[in-house]
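J.: pasting the structure only:
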């Protein structure tokens with residue numbers, strides 16, 4: 001275990017110790033205790049670095065206003081330019097490995113690169129002894145999710161996956177309501193995302209079925225294409241990949257199954273204490289060898305867990321789940337682009353995409369509804385500030401890799417079923433598809449030479 005993770009008096013350890021010492025008699029109170037909760041002494045700010053900052057990473061950094069952003073890393077000078085300007089004092093890098101070698105006083109690293117490089121960068125940060133916040137989905141395949149969760153456990157690293165709904169009050173309440181027995185035994189759940197990638201490449205490029213660009217296009221100045229590819233085999237640069245359209249391609253993105261599924265399956269996994277499914281079945285429209293489908297229906301079968309019954313989860317991509325039986329046409333279920341429906345033996349509970357607005361169906365049941373008492377109050381922290389809280393206090397973050405790794409595995413198993421276009425039977429202990437040997441090629445990505453998790 002490295003010094004910056006645990007066990008030595010690092011700057012972070014000193015800060016945590018200072019908090020405890022402040023309660024002892026005859027000690028000088030820290031400046032923030034005198035100035036008030038809205039002002040913090042500079043010595044108490046965490047030193048944060050960002051890797052992949054042009055997109056959602058910029059929002060993650062902005063959601064840590066009480067910390068100090070000291071280093072930024074991005075392969076595209078132009079895309080990241082507004083963030084470089086916003087944090088003008090931060091040191092700049094193009095290669096995360098160079099940044100980790102040079103920066104000796106980091107308290108945390110935020111990662112928001114494309115999916116295909118999440119695992120290798122997160123592993124490098126953990127091995128450097130630094131707490132890590134990685135955007136969803138945590139990884140790009142099942143093996144990466146399993147290995148990254150294992151590494152985090154072995155090193156006792158402080159980790160967090162960026163699924164904002166997990167830290168929200170709606171998901172917190174929903175979990176407690178279901179565990180209280182509000183709707184009885186839950187044996188069926190439906191979740192969906194109506195968004196689609198069609199036309200592929202977000203209209204910047206219109207491929208034919210199964211076609212992948214092979215012609216060479218000049219790489220824009222200030223963009224390091226090879227570093228963007230990271231562990232993935234070489235592809236000729238095409239503007240359809242970067243900055244956003246990579247999500248539509250199997251080699252780089254994880255599709256809506258993991259892009260939105262990581263959010264919408266989170267309340268289900270958390271509320272129902274789900275492990276791994278034993279059977280996954282997928283029906284797709286418009287999928288090709290290289291491109292995610294336009295729409296899909298993926299069904300997961302989960303076995304009994306302790307006192308909880310087996311449960312079937314159906315995920316819809318590019319489609320909306322059917323209106324539940326007995327729910328009037330005027331009743332709102334889910335939101336405009338997605339949602340979740342829990343079907344219990346004593347009723348139906350729905351919420352929006354990220355676990356917001358949990359409510360009973362039919363809506364008439366909400367008229368005189370009194371929510372069940374909570375076992376513990378909602379902490380009131382965002383997904384980013386919960387991670388910062390965990391760093392300061394040496395605690396586990398709410399969506400650490402021990403939790404988010406298995407959640408990501410479920411999404412990636414859905415993607416395997418989508419790629420083979422049928423049913424797969426999953427042996428989670430052996431990490432093997434037992435009924436379709438060809439499907440096992442998608443369990444682990446083959447990295448190009450020089451890259452490893």
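T.: Yes, it's here. Please read all numbers here as calculations on a predicted model, not as lab measurements.
J.: show me where the stretch 1-150 of the chain has its helices.
T.: 11-21, 31-35, 56-62, 77-86, 96-102, 118-127, 142-155 (DSSP state H, counting those that start in this stretch).
J.: quick one: stretch 279-299 to chain centroid distance?
T.: 21 Å (C-alpha atoms, centre = their mean, to the nearest Å).
J.: buried residues in that stretch?
T.: 279-282, 284, 286-288, 290-299 (16 or more other C-beta atoms under 10 Å). From N, CA and C alone the C-beta is placed, and that goes for glycine too.
J.: show me which residues of stretch 48-63 are buried.
T.: 48-55, 57-58, 60-61, 63.
J.: same question, stretch 443-453
T.: Within stretch 443-453, judged by 16+ other C-beta under 10 Å, the buried ones are 443, 445, 447, 453.
J.: dump these to CSV, plus distance to residue 376 and pLDDT.
T.: Below are those laid out as CSV (distance: C-beta to C-beta, whole Å; pLDDT from 0 to 100):
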residue, distance to residue 376, pLDDT
443, 37, 98
445, 39, 94
447, 42, 97
453, 35, 92
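J.: in CSV: those, plus secondary structure and distance to residue 232.
T.: What follows is those, written out as CSV (DSSP: H, G, I helix; E, B strand; the rest coil; distance: C-beta to C-beta, whole Å):
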residue, secondary structure, distance to residue 232
443, coil, 16
445, coil, 8
447, coil, 8
453, coil, 13
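J.: check those against residue 87 and report the nearest one.
T.: The nearest member of the buried residues of stretch 443-453 to residue 87, counting by C-beta to C-beta, is residue 453 at 28.9 Å.
J.: turn the helices of the stretch 1-150 of the chain into TSV, including mean pLDDT.
T.: Shown next, in TSV, are the helices of the stretch 1-150 of the chain (pLDDT from 0 to 100):
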stretch	mean pLDDT
helix 11-21	43
helix 31-35	30
helix 56-62	97
helix 77-86	97
helix 96-102	98
helix 118-127	98
helix 142-155	98
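J.: for these, which one ends up most surrounded?
T.: helix 118-127 (a mean of 23; mean count of other C-beta atoms under 10 Å).
J.: any low-confidence regions in the stretch 201-350 of the chain?
T.: 201-214 (pLDDT under 70).
J.: any idea what residue 48 is bridged to?
T.: Residue 48 forms beta bridges with residue 69, residue 108, as assigned by DSSP bridges.
J.: quick one: it and residue 106 touch, right?
T.: Yes - at 7.4 Å, residue 48 counts as touching residue 106 under the criterion of C-beta atoms under 8 Å.
J.: where do the contact lists of those two overlap?
T.: residue 70 (C-beta atoms under 8 Å, 6 or more residues apart in numbering).
J.: rewinding a little: in JSON lines: the helices of the stretch 1-150 of the chain, plus distance to residue 351.
T.: Listed next are the helices of the stretch 1-150 of the chain as JSON lines, based on distance: least, C-beta to C-beta, whole Å:
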{"stretch": "helix 11-21", "distance to residue 351": "35"}
{"stretch": "helix 31-35", "distance to residue 351": "37"}
{"stretch": "helix 56-62", "distance to residue 351": "22"}
{"stretch": "helix 77-86", "distance to residue 351": "32"}
{"stretch": "helix 96-102", "distance to residue 351": "36"}
{"stretch": "helix 118-127", "distance to residue 351": "27"}
{"stretch": "helix 142-155", "distance to residue 351": "25"}
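J.: out of those, flag the one nearest residue 226.
T.: Of all those, helix 96-102 comes closest under C-beta to C-beta, at 13.2 Å.
J.: the closest one: how far from the chain's middle?
T.: 24 Å.
J.: centre-most residue in this protein?
T.: The centre of the chain sits closest to residue 136, judged by C-alpha atoms, centre = their mean, with a distance of 2.2 Å.
J.: which non-adjacent residue is nearest that residue?
T.: residue 262 (4.0 Å; C-beta to C-beta, 6 or more residues apart in numbering).
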